[in-house]
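Chemist: what's the 3D shape of this:
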Amino acid sequence: MIDNPVSRRLRVLAFDPSLSTRLETQTINELTLSIPWEQLTLGPVGEYIEVVDYDPASGVFYDPVDLDHPYLLAQDGLPPSESNPQFHQQMAYAVAMTTIRQFERALGRVAFWSDRSERLANGRYIDQFVRRLRIYPHALRDSNAYYSPSKKALLFGYFPIALMDEYNTPGTLVFNCSSHDIIAHEVTHALLDGVHPRFNEPSNPDVYAFHEAFADIVALFQHFSYPAVLESQINATQGSLQTENLLSQLAQQFGRATGRGSAIRDAPGGVDTETGEWEPRKPDPHALEGTYEAHDRGAILVAAVFRAFLLIYRAASADLFRIASSGTGILPEGSLHPDLARRLAKEAAKCASRVLQMCIRAIDYCPPVNITFGDFLRGILTADLDYVPEDTAGYRTVFIQSFREWGIHPRGVSSMGINELIWPSGDDLYNDLVNRVTDVAGPKDYMKKNLLNVAKKDTDWSLGSDRYKVWQAQAQLRKKFWRWLLAGDNYGRYYAELFGLVIHDYLAPRTVYRNEYNEPTIEVHAVRPALRRTKDGSIITDLVVEITQRRRGYFDHAEQEKMDQQGDPLPRDEHGDFIYRAGATILIDPATQTVRRVMRTQGTIANNDELERVRCFLLNINNQGDNAFDAGLAKSFRLRKSFLRNEPFALLHRRME
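Modeler: The predicted model follows:
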């Protein structure tokens, strides 16, 4: 009996087709990716991905590629082609699977797409498992590409070039599905939505900006996992990576074809509009002030992360520069010695991989709603502290330095020291609770025992697990947590307070959503596993629990005050002008029944100051500006089924042009 292969090799473009037509980049633009082996059907269709190649504008179904055809298996798939639909299908699948594997490796679990909600006849909703993300390579005749949360699909556009320059020929077509960066970016949107679906609801200027920045970060640092590309750019920059280079740029062809003259985004710099020359971008602690458009604001977060990477890489490679320059640290002009280029590329790849893993792991350490850049910094630091307690290389210090230089800091912390920035442990919050609440019956060990039947790990959650069975097990655990927090013994209610939830009727304004017993409701959105191997080789197993509450918000202050003080319960179909949410992400060790970390939103659901912040953002008060959709955003929240609410990324990405 012959075992299945371990991997499947497929050819893709490292960047996009435009680099294959230039002599200096032709040789590095074709890659062969190693994809974990799986049985595929025509499309291709696998465990995670279903490629459906229908072109509505032309009314054509393109023949699906058969990646199991012996001829294609023998030659690592189809050769790169700018106009072959079957190659577009192959590339979309290969890059998507590579991106998925990055997340699985960092988070230590199988990936999930966000659930599809179905409304029942009684008005309630049930969640449905979404096994595959659909990819439509030729969905739009438009200069756009986006992830659709409602369709659980990626839709890529294509468009004709209308301008002529050294890069563009009028009348030719640009296919967004042939851009490595655009595919990775859109898949990341879908993966992040599978972890934090409430990040699709804008409640402050950072929410959509974070979605865009995080997708850019993943696409950007995937460049560093390709040795030939990396060595080429190490040579081109004399090993510094601080000057203009392909590794730090995203979607070159799209940017030039839409009249930008350069890539869509460039982490360390950009082309000066007056001189036409590329210039490095210096850290600016005031950059966030007055910058509200999602992509522009997100670019500041990307710049902060990339600067952290550059500082880490510079420190890691300093000895190589000293050796190669006889102690001066300044290399002579000309090409690098091949051995030096390989060593520098190895260091850059190692540093980039660590930074990318730090960023992906951090999404398990962020509050489930109302994300800010400062929350993300705290998530990066706390996740890395759990991964490697001794920060001998200073990675966490570098992130604090870089974020401070770009003016990014969390609200509600007393300093930018590491001890103040890491999220609190369960013990920290418990001790605080005991000091504030005199009727906590304790002791803590008994509270811990009450978690035994809730947080017990009773299923196989390895990367080889059946995803549907894991999803079912998570659904059962969600119900257990929900019942325990609301209907369990007093200890469940003490834990609810520990997590920042408001579950007592007398503490909650009337606008907080309630159940049939007039108690404030909670939503246990997720109970998912995370199995991580730490730096020293040990295994950390966590249950990551996301809990949120919701409250009706009104744009008019007088109406808000009136509804908050309403004597009778509000009708179930009364939703106000917008929804304000608060909650927490909790990490629980199922072996020791320890609440390891709690990541709470800035305020509870009863906090009027935080409600006012969301109101000001939606109404563009105090120049919190742009709000992704300008004046239309507030109106869209009144219209519950508005396209603005259901397809946020379609409109966000439409504004890239």
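Chemist: Need the three-state assignment for D68.
Modeler: coil (DSSP: H, G, I helix; E, B strand; the rest coil).
Chemist: Check the burial of it by counting its neighbours.
Modeler: Counted with other C-beta atoms under 10 Å, residues neighbouring D68 total 13. (Glycine included, C-beta is placed from N, CA and C.)
Chemist: what's near enough to touch it?
Modeler: Taking C-beta atoms under 8 Å, 6 or more residues apart in numbering, we find D68 in contact with Q39, L40.
Chemist: Adjust the sequence numbering to begin at 58 for everything that follows.
Modeler: Fine by me, first position is 58 from now on; the one you just mentioned is D125.
Chemist: the bottom helix or strand of the chain by mean pLDDT?
Modeler: helix 689-695 (a mean of 50; mean pLDDT, DSSP states H and E).
Chemist: quick one: low-confidence ranges for the stretch 458-607 of the chain?
Modeler: Scanning the stretch 458-607 of the chain for pLDDT under 70 picks out 491-517, 544-548, 592-593.
Chemist: Just the helices from it, written as ranges.
Modeler: 475-478, 483-493, 501-506, 509-512, 524-544, 547-555 (DSSP state H, counting those that start in this stretch).
Chemist: Give me the helices and strands touching the first one, please.
Modeler: Contacts of helix 475-478 with other secondary structure elements, assessed using 3 or more C-beta pairs under 8 Å, 6 or more residues apart in numbering; DSSP states H and E, are made with helix 430-444, helix 452-462.
Chemist: Restrict it to CA atoms and write it as CSV.
Modeler: Extracted in CSV, the C-alpha atoms of helix 475-478 (Å, rounded to 0.1, in the frame of the first residue of the first chain):
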residue,chain,number,x,y,z
ILE,A,475,5.7,45.9,30.1
ASN,A,476,4.1,45.1,33.4
GLU,A,477,1.4,47.7,32.9
LEU,A,478,0.8,46.7,29.3
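Chemist: Export the helices and strands packed on helix 475-478 as TSV, with columns for mean neighbour count.
Modeler: Shown next, in TSV, are these (neighbours: other C-beta atoms under 10 Å):
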stretch	mean neighbour count
helix 430-444	23
helix 452-462	20
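Chemist: need those helices in JSON lines with distance to Q617, can you?
Modeler: Conversion of the helices and strands packed on helix 475-478 to JSON lines gives the following (distance: least, C-beta to C-beta, whole Å):
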{"stretch": "helix 430-444", "distance to Q617": "26"}
{"stretch": "helix 452-462", "distance to Q617": "34"}
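Chemist: of these, which approaches S171 most closely?
Modeler: helix 430-444 (19.6 Å; C-beta to C-beta).
Chemist: For that closest one, what is the distance to the chain centroid?
Modeler: Remark: helix 430-444 is offset 14 Å from the chain centroid, using C-alpha atoms, centre = their mean, to the nearest Å.
Chemist: Give me the contacts around that helix.
Modeler: Counting by C-beta under 8 Å, 6+ apart, 263, 266-267, 271, 345, 357-358, 361, 415-416, 418-424, 448, 452-453, 456-457, 460, 465-468, 470, 475, 478-480, 589, 591-592, 597, 653-654, 656 sit against helix 430-444.
Chemist: which SSE is the residue nearest to the spatial centre of the chain in?
Modeler: In the chain, the residue lying closest to the centroid (C-alpha atoms, centre = their mean) is L249, at 4.1 Å. Under the criterion of DSSP states H and E, L249 resides in helix 237-252.
Chemist: Going by contacts, tell me the helices and strands next to that helix.
Modeler: Judged by 3+ C-beta pairs under 8 Å, 6+ apart, helix 237-252 is in contact with helix 142-164, strand 202-205, strand 210-217, helix 263-279.
Chemist: Pipe those into a markdown table and attach distance to I380 and mean neighbour count per row.
Modeler: Formatted as a markdown table, the helices and strands packed on helix 237-252 follow (distance: least, C-beta to C-beta, whole Å; neighbours: other C-beta atoms under 10 Å):
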| stretch | distance to I380 | mean neighbour count |
| --- | --- | --- |
| helix 142-164 | 32 | 23 |
| strand 202-205 | 45 | 26 |
| strand 210-217 | 46 | 22 |
| helix 263-279 | 27 | 25 |
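Chemist: Columns mean pLDDT and distance to L298 on top of those, output as JSON lines?
Modeler: Below are these laid out as JSON lines (pLDDT from 0 to 100; distance: least, C-beta to C-beta, whole Å):
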{"stretch": "helix 142-164", "mean pLDDT": "96", "distance to L298": "20"}
{"stretch": "strand 202-205", "mean pLDDT": "94", "distance to L298": "27"}
{"stretch": "strand 210-217", "mean pLDDT": "94", "distance to L298": "30"}
{"stretch": "helix 263-279", "mean pLDDT": "95", "distance to L298": "12"}
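Chemist: got these as a markdown table, with distance to A351 columns?
Modeler: Converted to a markdown table, the helices and strands packed on helix 237-252 look like this (distance: least, C-beta to C-beta, whole Å):
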| stretch | distance to A351 |
| --- | --- |
| helix 142-164 | 21 |
| strand 202-205 | 12 |
| strand 210-217 | 18 |
| helix 263-279 | 4 |
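Chemist: Quick one: closest of those to H237.
Modeler: Checking the helices and strands packed on helix 237-252 against H237 by C-beta to C-beta gives helix 142-164 as the closest, at 5.6 Å.
Chemist: which residues sit against the next helix or strand after that closest one?
Modeler: Using DSSP H and E, the helix or strand that follows helix 142-164 in sequence is strand 173-176. Strand 173-176 is contacted by residues Y182, I183, D184, Q185, V187, K209 when judged by C-beta under 8 Å, 6+ apart.
Chemist: cutoff 6 Å now
Modeler: Strand 173-176 has contacts (C-beta atoms under 6 Å, 6 or more residues apart in numbering) with Y182, I183, Q185, V187.
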